[in-house]
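Asker: got a predicted structure here, sequence first:
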Amino acid sequence: MKIDERHLVQLAAVVKTGGVTEGAALLGLSQPAVSRTLSMLEARIGEPLFIKGRRPLQPTPLGRALADHGQTMLSASRKASDVVESFRVGKSGVVRVGGTPFFMDALIAGMIAEFQNLHPDVRIEQTYGYFPDLRAALNADQIDLAICPIDILDEGSGLEFQQILPGRNVIACRVTHPLLLKRRPQPAHLLDFPWVAPPPGSPLLTDLRSMLLSFGATEVKIRYSGGSLMSVVHYMKAADALTIMPHSVVFALRNEKSITALPVPISHPERALGLLKRSDAPRTPAADHFARHIRAGFDNLKHLIKRHEQSVVWGS
């Protein structure tokens, strides 16, 4: 015997509320329509669903068993509706985000945690990469959003870029570095110390070479290269080495009181950190919601980063 699932749902609503009128209201149906459904269901199974003369309505054992099945369907339907509504407003789903390692580790990871504290039903799948890799991943629909520094997009790239932070580099060192004892460190002083090179593919590697050339260097003592942010930090905590870092990364490490910036002016790159996505990508509410969270986070950080640069980097 095949029983219409909608009939079981209506039966469950009546049993739950104790009345046909109340059950109909729960489902947004009319009372006559639900009464007809119950009559049809009783006729089909050939057994009563409710004990006669009882108010509020009390189901028979068979009516209770069928109502339990209907309640399961009703609960599943409600949960499905909640999932749809949650997805529409960006409170559930999956966000695939890629980004450059130093920024992701120092700044974005914490923002991801804050976002998921507010929206625990959104899963974040993070990958690492630099601009060429991230652009390819976006075009292959492997990620929804990239967070990376770029200078300019080619016309017709099919990508959209929203700046969240201007590009500013500093020379980083440990807080006990001997150069910090000098009143005004000069570029020539920096060449006496070993350097840590950023990972291959990082635009910071080009920045480092350009900076050292501007200092008049003909040879550079690279003693460590290719490490993650945490490995670079741990290395520099134990050595008088220098490296180039985005100022925002040094800012993010300030509470550890292990890495700081030398007050030596250097040129800044012609690029900015921002959010990158495909222009024709289908809308993903969770990804949109996450992007707004990241933009808001950097809006709140901008003045703090600027103040840090003025007070710590330049000592003013």
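Answerer: Looks like it arrived, so ask away.
Asker: make it CA atoms for all contacts and neighbour counts henceforth
Answerer: Noted.
Asker: quick one: the helices in the stretch 1-150 of the chain?
Answerer: For the stretch 1-150 of the chain, the helices defined by DSSP state H, counting those that start in this stretch occupy 5-17, 20-27, 31-45, 61-88, 101-103, 109-118, 131-139.
Asker: you'd agree Arg168 is up against Pro246?
Answerer: Yes. Counting by CA atoms under 8 Å, Arg168 touches Pro246, with 5.8 Å between them.
Asker: in stretch 231-249, what counts as buried?
Answerer: 232-233, 235-237, 240-249 (16 or more other CA atoms under 10 Å).
Asker: my bad, stretch 197-212
Answerer: Under 16+ other CA under 10 Å, the buried positions of stretch 197-212 are 197-199, 202-205, 207-208, 211-212.
Asker: quick one: the strands in the stretch 151-300 of the chain?
Answerer: Per DSSP state E, counting those that start in this stretch, the stretch 151-300 of the chain carries strands over the ranges 159-166, 169-174, 195-197, 222-225, 243-246, 259-261, 272-278.
Asker: out of those, flag the one nearest Arg6.
Answerer: strand 272-278 (42.5 Å; CA to CA).
Asker: residue nearest the centroid of the protein?
Answerer: For the chain, Ile112 is the residue whose C-alpha lies nearest the centre (CA atoms, centre = their mean; 4.4 Å).
Asker: and the closest residue to it other than its chain neighbours, bridged to which residues?
Answerer: Among residues not flanking Ile112 along the chain, Ile124 sits closest, at 7.7 Å (CA to CA, 6 or more residues apart in numbering). According to DSSP bridges, the residues that bridge with Ile124 are Val95.
Asker: what's the neighbour count on Ile124?
Answerer: Residues near Ile124, counting by other CA atoms under 10 Å, number 18.
Asker: before we move on, what about Gly46?
Answerer: Neighbour tally, Gly46, other CA under 10 Å: 9.
Asker: can you check the pLDDT for it?
Answerer: On the pLDDT scale, Gly46 is placed at 92.
Asker: mind checking how far it is from Ser39?
Answerer: As judged by CA to CA, to the nearest Å, Gly46 and Ser39 stand 10 Å apart.
Asker: what does Arg295 give?
Answerer: Distance of Arg295 to Ser39, given as CA to CA: 58 Å.
Asker: and what of Gln162?
Answerer: Where Ser39 is concerned, Gln162 sits at a distance of 61 Å (CA to CA).
Asker: helices and strands around the lowest-mean-pLDDT helix or strand in the chain, which ones?
Answerer: One helix or strand of the chain scores below all others by mean pLDDT, DSSP states H and E: helix 61-88, with a mean of 84. The criterion is 3 or more CA pairs under 8 Å, 6 or more residues apart in numbering; DSSP states H and E, and the helices and strands that helix 61-88 contacts are helix 5-17, helix 285-308.
Asker: mind checking how far that helix is from the chain centre?
Answerer: Remark: helix 61-88 is offset 32 Å from the chain centroid, using CA atoms, centre = their mean, to the nearest Å.
Asker: which of the residues in it are buried?
Answerer: For helix 61-88, by 16+ other CA under 10 Å, it's 63-64, 66-68, 70-71, 73-74, 86-87.
Asker: got it, and stretch 295-314?
Answerer: 295, 297-298, 301, 305, 308-309, 313.
Asker: so can I have a markdown table of those residues showing pLDDT and distance to Gln116?
Answerer: Shown next, in a markdown table, are the buried residues of stretch 295-314 (pLDDT from 0 to 100; distance: CA to CA, whole Å):
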| residue | pLDDT | distance to Gln116 |
| --- | --- | --- |
| Arg295 | 96 | 15 |
| Gly297 | 94 | 14 |
| Phe298 | 94 | 17 |
| Leu301 | 89 | 19 |
| Ile305 | 85 | 24 |
| His308 | 78 | 28 |
| Glu309 | 75 | 30 |
| Val313 | 59 | 33 |
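Asker: turn those residues into CSV, including distance to Gly156.
Answerer: CSV is the format used below for the buried residues of stretch 295-314 (distance: CA to CA, whole Å):
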residue, distance to Gly156
Arg295, 25
Gly297, 30
Phe298, 28
Leu301, 32
Ile305, 34
His308, 38
Glu309, 36
Val313, 39
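Asker: ok, these vs Gly216, which is closest?
Answerer: Of the buried residues of stretch 295-314, the one sitting nearest to Gly216 (CA to CA) turns out to be Val313, at 22.6 Å.
Asker: relative to Ser225, which of the helices of the stretch 1-150 of the chain is closest?
Answerer: Between the helices of the stretch 1-150 of the chain, helix 101-103 lies closest to Ser225; by CA to CA that is 13.7 Å.
Asker: for Leu165, what are its contacts?
Answerer: For Leu165, the contact set (CA atoms under 8 Å, 6 or more residues apart in numbering) comprises 272-274, 298, 302.
Asker: repeat that for 10 Å
Answerer: Leu165 is in contact with 149, 248, 271-274, 295, 298-299, 301-302, 305, counting by CA atoms under 10 Å, 6 or more residues apart in numbering.
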